[in-house]
Every structure is written in structure tokens, then in C-alpha cells.
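*Asks:* the sequence and its predicted three-dimensional model are supplied below.
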Amino acid sequence: MIALRKAILALFILICLLFISLSKNYRTSVRATPSSPTTWTVDDYGPANFSRIQDAINSPLVSEGDIIYVYNGTYNENVIVNKTVALIGENKENTIIDGSGTATVISIRAHNVSVESFTIQKSGMYAGSGIVIDHFTGNIISNNKITVNQEGISLYYSSGNIVCDNIITSNNEGVILSYSSNNVISRNVIFSNSYDGIILSHSSDNMFSRNTLLYNSWAGMNFYYSTNNVVCGNTISSNQYGISLTYSSSNNTIYHNNFINNTDQVWSDLNLTNVWNYTDEGNYWSEYYGRDLNGDGIGDYLYIVDENNTDGFPLMGMFNEFEAFWKGETYSVTIVSNSTISDFKFEVGEETGNKIISFNATGEKKSVGFSRVTSPIVLMKYPYIVRVDETEVTPNLVNISDQTSVCLYFIYSHENYTIKIISSEALYLYYELLNKYRELQEQLFDLNDTYYNLLNNYVKLQEGIDNLNYTYYDLLYNYGQLQIYLQDLNDTYYDLLNSHIKLKEGIDNLNYTYYDLLYNYGQLQIYLFDLLNNYSILSVNYYGLLDGFNAVNASYQKHLADYSEQAQNIRSIMYIFAATTAILIITTVYLSKAVHASIKQKQE
């Protein structure tokens, strides 16, 4: 998104400069086609469409999307931009909008306004800004000098704006964002302001990149109630506080910044936590004295920001970021170095097609310098030659988490050197051929080893063949013996075959018997089933008879007991009868004898 905005901005500026070149000689408006923007000129002294900027903005002739080009001069105005126009000065040093110490110098009250190449100065010192954007989006403030205002640039409740390439100095506050999000503040030089360079209040998701914040009396950046902002690639030096984080300002990502000689590099309220590195790279801290034993440009020890915040990957040198243009695209090349880096260039050799990154590296003589250069692979993808002046040095290829980039680290003795990194396609092809040659050499050695192995195996095979010949004759003799055994086996086979036929006939008979038995077994199963049913009926009848038998038996036993009792009674009666009979007989006999005796006595 940032690269796209940069491309749009560059195209826009190119169009503006084209219109400027056409209008310089005539100082009049020219409309190319009804759909093209019209350029209107303003000059406080000389022929032009307007003599005041506000008159041009207010004119009904000026339409949305038009360009208002302002020639050099001092314009004592408080400008209100209430339509979408591009407000462009001839030269930022000499095209001056002066607020005369009253109110805001430029108030933007529309979307998609551009303001560039002005000196904007002297707002009201108790209320007012150099430029203020309030509740609007898509505006671009670029290449201006903003000085001697209460607030340099102020954004209130505004999102999607770009503030870039401005010099902001000698204001009370440099840049203010209040309740504003998704803005880009980039490549500005913000220095010598009475309080803060940049101040955020209740603002989130903004990007602050490649700004220089120097000699601000309070903080380079001051955060209040602001979260999820990204602060990267900035140089923050010689302020009272490099960054101040207070009142719930957490979850901001702060990396690739140079913190140099601030009285306090960071001030943070207790219990606030922010992120101090990204993709294994942190910030440069001027008072960090850790070591880099593994030679990758990253300190081996943490940098302690405070008890809740640490930079896990402190840089051993200052962070520099440059732009390389190739095939219509813009690529970012970063250099971490303890040298002073200048005159960065990216070139492509006309004849060789080599891609060349070059820069000057300056440092204290007789000291050791290093550079850690990170480039997109699409830009520098072939083998690398690193030259420090005319001396070739061998770089270390640093393992980084960003798989789309390559990172080289190399050291040198400090002088005023020109360093070149050459990505050579020819060298790439040479190394590719060299690798193929080495592969062929290895394959040849493997083939030689294979040949000698085969030769040894051939000798062994000859010995094996002799042994096989002896074995063959043994086998041939054994074969004759086996033929004799085979004849015997054939005879045995035919005997067995006859026996097999007879057995088969017996088996067939057995099968017929088996099926008969199987049929009879089925019949038996049926009979058995009927018997089981009859058995069940008989069992029921048996248990019924058993119950009757038990009842009869009980009655019989009772009858038997009664019979025994009666028999005993009869026996007793018989005994009595017998005794009575005996007594009667005895009495009869006795009486008979007595009678007989009496008769006899009478006869006598």
C-alpha cells in the first residue's frame, strides 16, 4: 500500500512539474481537455490568474481536482482549503504562506487535498497550526518547511493521510495526531521544537517511518493512550526523551530505529508492554556495549528498555534504509553499519547485466568497520562479489527469517571507502558450470570405483565359474542317477495311480453310503424330533402320574397305618376271645368233670 502511494505521488508530482514548465513563461491557466485538471497560477507580484491563494480556492472557476500553482513570494494569509485541489508552491524556501501570528495558516476541510513546496509559518502562538486536518482523509502534505507555529501539522479525527518529506522546526509541537488512525508520517525532519517532535493522543494503527527527530526539548515521540502503531526506520537523537510511552500506550511495534544520545532513550509507564524488534532485528542504541561474537551485526545480549520491555535483537550499528529502482518497481535495501553510510546507488551494468549496490562507508581510521546489507532476492539473487575499494572481501551469508531477502555481513578496516556489492549473472553461470563440473568429477570417481569393483568381481566370477564347472559335472553324474531314480518313481507312480483309481471307486461307494447315511440321519432327526415331542408329552403325563402315585401312596400309607391299628385291635380282641374261649373251655371242662363226678357219686 505504501509503495503504491509513493508511485501515485511520484506520478502526480511529475504531472505537476510538466504543468509548471508549460505555465512558467505565460503565467496563465491552460486547460488541455475537459477531463484534465486545470492549473491556476497565483502570484503576489506579477501577472497570474490570482494574487491571493484564498481567492484562487474560492473562485468558482477552480474545480475539484484542479492545480493551484503558487509562485515565489510571501503570502500573508490564513488559507482554508475547502475543495479537493493540489496546492503547489514554486519553491519551498521562497514560497511562503505567513499566518501573521493569528490562527491556523492552512486549514484543510476537504478530502484528497495536496499541499507541497511551501514554507508555512507563524500561526497564532496560543492557538493555531501550520497545517490542520480535521475529520478528513486522503490528504498529502509533502516537501514543505513548517516553522514558528504553535503546532506544526495537526491531524484531528482524520485517517488515511500522508505527511512526508517535510522540514518541521521551531514550533511548540512538531506533529500532532489526535484520535487519528491509519496515517503515514514518513521521511520528515522534525527538529528543535519546544516540546515534542511527534505527539499521539488516542491514535492507533499509524505508520512512522524514516523520520529524523532531533533536538526537540521534550520527546522525539510522545504517546498518550495510543496503541498498535508502527515506528520503524527513524533516527531519534538528542532529545530529552527519545520515545515517551504513557497512559495505556501498549502493543506498539518499534524496530529499526536509531536511538542516539537522548537523555533518556525511552520513558515508559509501569506495566506497559511494547514490541521492540521485528523479523529478528531490533533497534540501534548508542549506549549499547554488547558484543557480536557470531558476526551477524546483531548484539548477542538483550538491550533492557525497562523491567517489562527488552529489545531481543539490538543492532550493532546504525540502521539505514535506501530505495533501489529497477524495472519500474521500488525496492528497499537496508544497511546496518558502524560506518557513516552515504552516496547509496543501485545500478545495472549495461554490458554484463550485473546488479551493483554501491555506497561510501566512512569511519575512524584503524578501527574495524562492518556492514550488514539486506536486499530483496529479486533484486540481488546471483552470487555476490563484495569489494571495499579494489579489495575483494568474503561476506558471510546471514540466515534471516525473511525468505524473500538476502543478508550479507562483512568487515573492513575503516577509511573513506567505496563499497560495491556485485550480483553477477556471469559468475552465477560460472559457479553453476563449476558445480556441474564437480558433479561430473564426482560421478567419474564413482565410475572408476565401480570399474575396479567390477574388475575384482570379474576375477571372482572366473573363479566361481571354475567351481561351477566342477559342480556341473557333479550335477551331470547326479542327473544320471536321478534318471534311474525317476524310472523307479514312474513305476511307483503307475502303481499308485492304479491304487488311486481303486481308492476313488471305494471313495465313490463311500460317498453313496455317506449320502444314504446322511438321508437316514435326516430321517432319524425327524423321528428324534417326534420322539422328543412324545417324550415331552409322556414327561408331562409321567409327572401327573407321579403326583397321583404319590397321592395314592400317601393314602395307602395312611390306610396301612389304619390297617395296622385295626389289626392290633383285632389281635387284642382275638387274644381276649382266645383267653375267654380257653377260660370257657376250662370252665366247661371243669364243670363237666364236676358234673360227671357228681353224677358218678350219685350213681354210687
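*Replies:* Received the coordinates, thanks. Residues are numbered from 1 along each chain as shown.
*Asks:* just the helices in the stretch 401-550 of the chain please.
*Replies:* For the stretch 401-550 of the chain, applying DSSP state H, counting those that start in this stretch gives helices covering 425-603.
*Asks:* low-scoring stretches of it, by residue?
*Replies:* Judged against pLDDT under 70, the low-scoring parts of the stretch 401-550 of the chain cover residues 425-433.
*Asks:* could you rerun that using 90?
*Replies:* Regions of the stretch 401-550 of the chain meeting the criterion pLDDT under 90 cover residues 401-404, 413-417, 422-550.
*Asks:* now do the same for Glu64: helix, strand or coil?
*Replies:* The three-state label for Glu64, taken from DSSP: H, G, I helix; E, B strand; the rest coil, comes out as coil.
*Asks:* residues near it, how many?
*Replies:* Residues contacting Glu64 under the criterion other Cβ atoms under 10 Å number 11. Quick note: C-beta positions are derived from backbone N, CA and C, even for glycine.
*Asks:* next one: it from Leu87, what distance?
*Replies:* In this view, Glu64 and Leu87 are 13 Å apart by Cβ to Cβ, to the nearest Å.
*Asks:* alpha carbons only: can I get stretch 402-419 in CSV?
*Replies:* Taking C-alpha atoms only, stretch 402-419 is exported to CSV below (Å, rounded to 0.1, in the frame of the first residue of the first chain):
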residue,chain,number,x,y,z
ASP,A,402,12.7,-13.2,5.8
GLN,A,403,12.8,-15.8,3.0
THR,A,404,12.4,-13.1,0.3
SER,A,405,15.6,-11.3,1.2
VAL,A,406,19.3,-12.0,1.3
CYS,A,407,21.6,-10.6,4.1
LEU,A,408,25.3,-10.2,3.7
TYR,A,409,27.7,-9.3,6.6
PHE,A,410,31.3,-8.3,6.0
ILE,A,411,34.1,-6.4,7.9
TYR,A,412,36.8,-4.0,6.8
SER,A,413,39.4,-1.5,8.3
HIS,A,414,37.9,1.9,8.5
GLU,A,415,38.9,4.5,5.9
ASN,A,416,36.8,6.5,3.4
TYR,A,417,35.9,3.5,1.3
THR,A,418,33.6,2.9,-1.6
ILE,A,419,31.9,-0.4,-1.1
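*Asks:* what's the neighbour count on Cys232?
*Replies:* Taking other Cβ under 10 Å as the criterion, the count of residues near Cys232 is 18.
*Asks:* please begin residue numbering at 23 from this point
*Replies:* Noted, 23 is the first residue going forward, which turns the last one into Cys254.
*Asks:* list the beta-bridge partners for it.
*Replies:* Here Cys254 sits in beta bridges with Ser231, Tyr277, going by DSSP bridges.
*Asks:* against Arg232, how distant is it?
*Replies:* In this structure, Cys254 lies at 8 Å from Arg232, with Cβ to Cβ as the measure.
*Asks:* could you do Val127 as well?
*Replies:* Distance from Val127 to Arg232, counting by Cβ to Cβ: 25 Å.
*Asks:* now Ile207
*Replies:* Counting by Cβ to Cβ, the gap from Ile207 to Arg232 is 10 Å.
*Asks:* and if you look at Phe381?
*Replies:* With distances defined as Cβ to Cβ, the gap from Phe381 to Arg232 amounts to 17 Å.
*Asks:* then Leu199?
*Replies:* For Leu199, the distance to Arg232 under the criterion Cβ to Cβ works out to 17 Å.
*Asks:* the two: which is more packed in?
*Replies:* Here Leu199 and Arg232 are compared on neighbour count by other Cβ under 10 Å; more neighbours surround Leu199, at 29 against 21.
*Asks:* surely the more buried one touches Ile221?
*Replies:* Yes - Leu199 lies in contact with Ile221 (Cβ atoms under 8 Å); the separation is 7.4 Å.
*Asks:* could you identify the helix or strand that succeeds the helix or strand bottoming out on mean pLDDT in the chain?
*Replies:* For the chain, using mean pLDDT, DSSP states H and E, the weakest element among its helices and strands is helix 24-45, scoring a mean of 43. Following the chain from helix 24-45 toward its C-terminal end, the next helix or strand by DSSP states H and E is strand 61-64.
*Asks:* what sits up against the next helix or strand after that next one?
*Replies:* Past strand 61-64, heading to the C-terminal end, the next element that is a helix or strand (DSSP H and E) is helix 75-80. Under the contact criterion Cβ atoms under 8 Å, 6 or more residues apart in numbering, helix 75-80 has outside partners 62, 64, 71-72, 84, 90, 92, 97, 99, 101-105, 107, 109, 119.
*Asks:* restricted to helices, list the residues you listed.
*Replies:* Judged by DSSP state H, the contacts of helix 75-80 include no members of helices.
*Asks:* could you turn the buried ones of the residues you listed into a ChimeraX selection?
*Replies:* The ChimeraX command for the buried members of these (criterion: 16 or more other Cβ atoms under 10 Å) is given here:
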select :62,64,71,72,84,90,92,97,99,101,102,103,105,107,109,119
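*Asks:* if Ile407 is in a bridge, with which residues?
*Replies:* On the basis of DSSP bridges, Ile407 is bridged to Ile444.
*Asks:* pretty sure it sits against Ser446.
*Replies:* Yes - with contact taken as Cβ under 8 Å, Ile407 and Ser446 are classed as touching, separated by 6.2 Å.
*Asks:* spatially central, which residue of the chain would that be?
*Replies:* Residue closest to the average C-alpha location in the chain (Cα atoms, centre = their mean): Ser423, at 12.4 Å.
*Asks:* OK, contacts around that residue?
*Replies:* 301-302.
*Asks:* how close does it get to Val358?
*Replies:* Summarising the geometry, the distance separating Ser423 from Val358, computed by Cβ to Cβ, is 16 Å.
*Asks:* quick check: closest non-adjacent residue to Ala149.
*Replies:* Gln172 (6.5 Å; Cβ to Cβ, 6 or more residues apart in numbering).
*Asks:* next, the one you found: phi, psi?
*Replies:* Dihedral angles phi and psi of Gln172 (degrees, to the nearest 10) take the values phi -60, psi -50.
*Asks:* check contacts around Ser151.
*Replies:* Counting by Cβ under 8 Å, 6+ apart, Ser151 touches 126-127, 145, 171-176, 198.
*Asks:* pull the most distant pair out of these.
*Replies:* For the contacts of Ser151, the farthest-apart pair by Cβ to Cβ is Val127 and Ile198; their separation is 14.6 Å.
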